[in-house]
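Participant: Can you look at this prediction? I've put the sequence above it.
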Amino acid sequence: MKPNLTPRLVRESHAMLAELALPGDANNWGFLLGGKLMHLVDICGALAAMKHARCPVVTASADSINFMHPIYMNQLITLQSSVNRVFKTSMEVGVRVVVEDVMTGERRHTTSAYLTFVAIDENGKPVPVAPVIPETDEEKRRFEEASVRREYRLAKRNRLKQQLDQGIGS
């Protein structure tokens, strides 16, 4: 199947996921486990990437996940994601996490993350992705900043590859 490379608006990739923080996902102090939140971030990010690419995707990196506030049991976790920028076969996706105390209605931004996903075909090979078109000032800012983050990611990846090739860190 040939990929559809018609440019798409950022808003077409918007995805949302909501889940209640339950005791089985908590540590001994009643906070949501970081790994559980990373799992949810990955799922929500993949939803946005798949909506944009209109094909399966795999996670290539999660280069920035910032936990700004803890999440307590019985809070409603809402994740929102969208594609920030498309490169050739990869996409940077931003994910924002907000929690809500369902008893008081108080909401708080707790986590932000940037992930990279690669679109793949039925054989698991990377495929080109349609360009994304930012419309709002915020989308345009994220679009521009994604390029800077990509340069940093690629430089870091190259340093790691060189270290591994030299047997450093193994």
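Facilitator: That came in fine, so what should we check first?

Participant: how far out from the middle of the chain is the longest helix seen in the chain?
Facilitator: Taking DSSP state H as the assignment, the helix of the chain that covers the most residues is helix 137-165. Taking C-alpha atoms, centre = their mean, to the nearest Å, one finds helix 137-165 lying 14 Å from the centre of the chain it belongs to.

Participant: With stretch 66-82 instead?
Facilitator: Worked out by C-alpha atoms, centre = their mean, stretch 66-82 lies 14 Å from the chain centre.

Participant: Would you mark the buried spots in that stretch?
Facilitator: By neighbour count on 16 or more other C-beta atoms under 10 Å, the buried set for stretch 66-82 is 67, 71, 75, 77-82. For the C-beta atoms, the positions are set from N, CA and C on the backbone; glycine is no exception.

Participant: same question, stretch 131-144
Facilitator: Applying 16+ other C-beta under 10 Å to stretch 131-144 flags 132, 134, 139, 142-143 as buried.

Participant: What distance separates the opening and closing residues of it?
Facilitator: End-to-end distance of stretch 131-144 (C-alpha to C-alpha, to the nearest Å): 14 Å.

Participant: Averaged pLDDT, it. What do you get?
Facilitator: Mean pLDDT, stretch 131-144: 97.

Participant: cool, stretch 113-127 as well?
Facilitator: pLDDT averaged over stretch 113-127 gives 96.

Participant: Show residues contacting that stretch.
Facilitator: Here stretch 113-127 makes contact (C-beta atoms under 8 Å, 6 or more residues apart in numbering) with 1, 3, 41-42, 45-46, 49, 53, 55-66, 84, 89-95, 97, 128-129, 146, 149-150, 153.
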